[in-house]
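Participant: what's the 3D shape of this:
(chains A and B)
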Amino acid sequence: MTLFIEQCLNGLQFGLLLFLLAAGLTLVFGIMDLVNLAHGSLYMVGAYFAATLAAWTGSFVLGAVLALIATLVVGMAVEVIAMRRLYGRDHLDHVLGTFGLILFFDESVRLIWGPAGLSLPLPPWLNTSVQILPGVQYSAYRLAIIVVTLVVAAFLYVLVMRTRIGMLIRAGASNREMVGALGVNIKLLYTLVFGLGAVLAGLAGLMQAPILTVQIGMGENILILAFVITVIGGIGSIRGALVAALLVGFIDTLGRSYLPDLLRMVLSQEAAATAAPALSSMLIYLLMAVVLVVKPEGLFSASHK
Amino acid sequence: MTAPLTVRNITIVALLAGLVLLPVYVQIAGDRFVLTLFTRIVILALAAVSLNLILGYGGMMSFGHAAYLGIGGYAVGMLAHEGIYSGFVQWPVALAASALFALTIGALSLRARGVYFIMITLAFAQMAYYLISGFARYGGDDGLTIYKRSQFFEPINLSNKAQFYYICLALLFASIYLIWRLVNSRFGLAVQGARSNDTRMRAIGFPTYRYRLVCFVIAGTLCGLAGALLANFNDFVSPSMMYWTRSGDLIIMVVLGGMGSPFGPLIGAVALLVLEEALSGITEYWQIILGPLLLLVVLFARGGIDGLLMKARAKVGQ
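Facilitator: Sure, this is the predicted structure:
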């Protein structure tokens, strides 16, 4: 039972982390109609900045804050230099152009930081466990991730649904010419939205960094998961991204920990040991296939206006 | 009917002649490396040619095409691992497995459009990647060494480098011809019609979903053949053959060469791989040049190299 609670919390934490990435991806797609494969690179860049800056300043929190600012600057620079020219192009152009950016980012990181990975050590006050229920201990850092992502999700909701800039973002998503004609600086708005997506990706990267190592290509595997989430949730829908991210987080985490036992009940020991790792990594893709058969536009499609 | 003497036609004929005569040059110059490089180029060009069928003519932006390279390759690798070396078993199994995979993911993903299609094909290819990485019996992540190449009847010997090159080249030319015939047939015109306006095609009575699915399966099967060749070429298969960046490479070849042009993917494959080879000779960090270069091609040379050659023709004609 203790293990089950712990795995559920892990699933929640992983799901919320994926939400940060998927939210940025879906925001950029919903508003600029841009498929951004390089989103995972921003996740990687955030982690590298955090590892370097935390070591340099000696403070985890200060390093993280500085890394977010640096990622914001990188994101906005990428938008101004490259992405801006891709808006309104074919999706295939987006895929190719941003694929080029991935090569560029991966190689730049290799050039600057070297091929070996970095690590981002946790400060002692986060590197402990807390008692969440009588007799149940849980990592303080993972709890912190859950809290931070929930706060960010709430902030995103308020920003998009309750503020003037959020109103412009939503308006820009439904009719960009009209918003531009009404005197809104749509170029600046797009740069800001892209920067916001970059910060969300960077935040996800730096929070994941202490759990995994910081390495080249770290953004690419998780980017595919973020894609699966946006497809399941419905491209352009932040609410859909949240629901789908939690679903994927839970299914992936619980599948990996319980599927081997479940399979052992129906299959022989040896067959279960072979099938379990393959099957558990396939689970979320199976989920995606099922969602597609039932609702080809995703659970919360934003395109039905 | 004779083909006009244009810059484009001359370039293509020169390229084809160069490919056919390459082993002769290798024999004279003794440059073994060039033959290895170009065997790889020809195999990947075959994969790119198959992708061009759905991407260029069918308008289906598949981002999971490398999955078939892996499936075709692993069909050969797994059978060889089990002691079955006959190419008459290995290759049909490779083609059938690729066709079956294409049928399954095509049936699911062709329900979706645009960006969804890109992401779904990408996700399914990654699923296949993780599935194969999980097979501990066949090496898992580490891959699988193939100790004997596929065996056919007597004079054919895939271990002979020049012979293997010519087999790959013949299959590539046959595929280009097949696809050229296909896209100019009634079937091909219907698929291209569905690319331009699916609703209208359905309104005049074409079951476009089925047409597109058949097209998707043909492309997947051809790429599976490239996978079987690649496995024999490397004497090794590993999940990295089907990693999603490989699918990206194939798209680059198609777009760089020229989408929806019969020889475009071949030109693109030669250009990309020779460029990679040249850049990696200059600096270890060659991708830092290739990445922005790609972005520039996307922004300023939309029709790819074939498009540029066509423009050159237009200028000559003026």
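Participant: when you work out contacts or count neighbours from here on, use the C-alpha atoms and nothing else.
Facilitator: Will do.
Participant: count of residues packed around whichever residue of the stretch 151-300 of chain A sits closest to chain B?
Facilitator: Using Cα to the nearest Cα, A:A278 is the residue of the stretch 151-300 of chain A that sits closest to chain B, at 4.7 Å. The local packing count at A:A278 equals 22, with neighbours defined by other Cα atoms under 10 Å in any protein chain shown.
Participant: ok, A:P115 next?
Facilitator: Considering only other Cα under 10 Å, A:P115 is surrounded by 13 other residues.
Participant: on the three-state scheme, it is what?
Facilitator: Each residue gets one of three states, and A:P115 gets coil by DSSP: H, G, I helix; E, B strand; the rest coil.
Participant: that one reaches A:G217, doesn't it?
Facilitator: No - A:P115 lies out of contact with A:G217 (Cα atoms under 8 Å); the separation is 10.6 Å.
Participant: so where's the stretch 201-305 of chain A shaky on pLDDT?
Facilitator: Low-confidence segments of the stretch 201-305 of chain A, defined by pLDDT under 70, are located at A:302-305.
Participant: what does the stretch 201-318 of chain B give?
Facilitator: By pLDDT under 70, the weakly predicted segments of the stretch 201-318 of chain B are B:313-318.
Participant: and the residue of it nearest chain A?
Facilitator: With Cα to the nearest Cα as the measure, the residue in the stretch 201-318 of chain B that lies nearest chain A is B:G291; the distance is 3.8 Å.
Participant: who are the neighbours in contact with that residue?
Facilitator: A:F99, A:G100, A:L101, A:I102, A:L103, A:F104 (Cα atoms under 8 Å, 6 or more residues apart in numbering or on different chains).
Participant: the last one: which element?
Facilitator: Spelled out, that is A:F104. With elements taken from DSSP states H and E, the one containing A:F104 is helix A:91-113.
Participant: tell me which residues in that helix are buried?
Facilitator: For helix A:91-113, the buried set under the neighbour-count rule, 16 or more other Cα atoms under 10 Å in any protein chain shown, comprises A:91-110.
Participant: show residues contacting stretch A:149-157.
Facilitator: Outside of stretch A:149-157, the residues that reach it under the criterion Cα under 8 Å, 6+ apart are A:L16, A:L17, A:L20.
Participant: quick check: B:L178 vs chain A, distance?
Facilitator: Per Cα to the nearest Cα, to the nearest Å, B:L178 is found 25 Å from chain A.
Participant: in which helix or strand would I find that residue?
Facilitator: For B:L178, the host element (DSSP H and E) is helix B:161-183.
Participant: let me know the secondary structure of A:Q137.
Facilitator: Reduced to three states with three-state DSSP, the structure at A:Q137 is strand.
Participant: ok, the closest residue to it other than its chain neighbours to chain B distance?
Facilitator: Distances taken as Cα to Cα, 6 or more residues apart in numbering or on different chains put A:Q131 closest to A:Q137, at 4.4 Å, once the chain neighbours are dropped. According to Cα to the nearest Cα, A:Q131 and chain B sit 36 Å apart.
Participant: and A:Q131, how many residues sit next to it?
Facilitator: Here the count is done by other Cα under 10 Å, and A:Q131 has 11 residues near it.
Participant: would you confirm that it contacts A:L143?
Facilitator: No - using Cα under 8 Å as the test, A:Q131 is too far from A:L143 to be in contact (10.9 Å).
Participant: quick check: residues of chain B near chain A?
Facilitator: Contact residues (Cα under 8 Å from any Cα of the partner chain) of chain B with chain A: B:61, B:108-109, B:111-112, B:114-116, B:119-120, B:122-124, B:126-127, B:130-136, B:248, B:251-252, B:285, B:287-296, B:298-299.
Participant: who's in contact with whatever residue of the stretch 51-200 of chain A ends up closest to chain B?
Facilitator: Scanning the stretch 51-200 of chain A for proximity to chain B using Cα to the nearest Cα identifies A:G100 as nearest, at 3.8 Å. Contact analysis of A:G100 by Cα under 8 Å, 6+ apart lists B:L290, B:G291, B:P292, B:L293, B:L294, B:L295.
Participant: go again with 7 Å.
Facilitator: Going by Cα atoms under 7 Å, 6 or more residues apart in numbering or on different chains, A:G100 touches B:G291, B:P292, B:L294, B:L295.
Participant: so what's it closest to, chain neighbours aside?
Facilitator: Distances taken as Cα to Cα, 6+ apart place B:G291 nearest to A:G100, at 3.8 Å, with adjacent residues excluded.
Participant: if I look at the one you found, how far off is A:F227?
Facilitator: Remark: distance between B:G291 and A:F227 (Cα to Cα, to the nearest Å) = 22 Å.
Participant: how about the strands in the stretch 201-318 of chain B?
Facilitator: Shown for the stretch 201-318 of chain B, the strands assigned by DSSP state E, counting those that start in this stretch span residues B:236-237.
Participant: how about A:V35, secondary structure?
Facilitator: A:V35 - assigned by three-state DSSP - is coil.
Participant: tell me which of the residues of chain B next to chain A fall in helices.
Facilitator: B:108-109, B:114-116, B:119-120, B:122-124, B:126-127, B:130-133, B:248, B:251-252, B:287-296, B:298-299 (DSSP state H).
Participant: what strand or helix carries A:V130?
Facilitator: When the helices and strands are read off by DSSP H and E, the one containing A:V130 is strand A:129-133.
Participant: hey, C-alpha coordinates of that strand in PDB?
Facilitator: Once non-C-alpha atoms are left out, strand A:129-133 reads as follows in PDB (Å, rounded to 0.1, in the frame of the first residue of the first chain):
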ATOM      1  CA  SER A 129      12.000  12.900   2.800                       C
ATOM      2  CA  VAL A 130       8.900  14.100   4.600                       C
ATOM      3  CA  GLN A 131       6.200  12.100   6.300                       C
ATOM      4  CA  ILE A 132       3.000  12.700   4.200                       C
ATOM      5  CA  LEU A 133       0.800  10.200   5.900                       C
END
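Participant: parallel or antiparallel, which strands does that strand pair with?
Facilitator: Using DSSP bridges, the strands paired with strand A:129-133 are strand A:136-139 (antiparallel).
Participant: for the partner strand, give the mean pLDDT please.
Facilitator: With pLDDT averaged residue by residue, strand A:136-139 scores 84.
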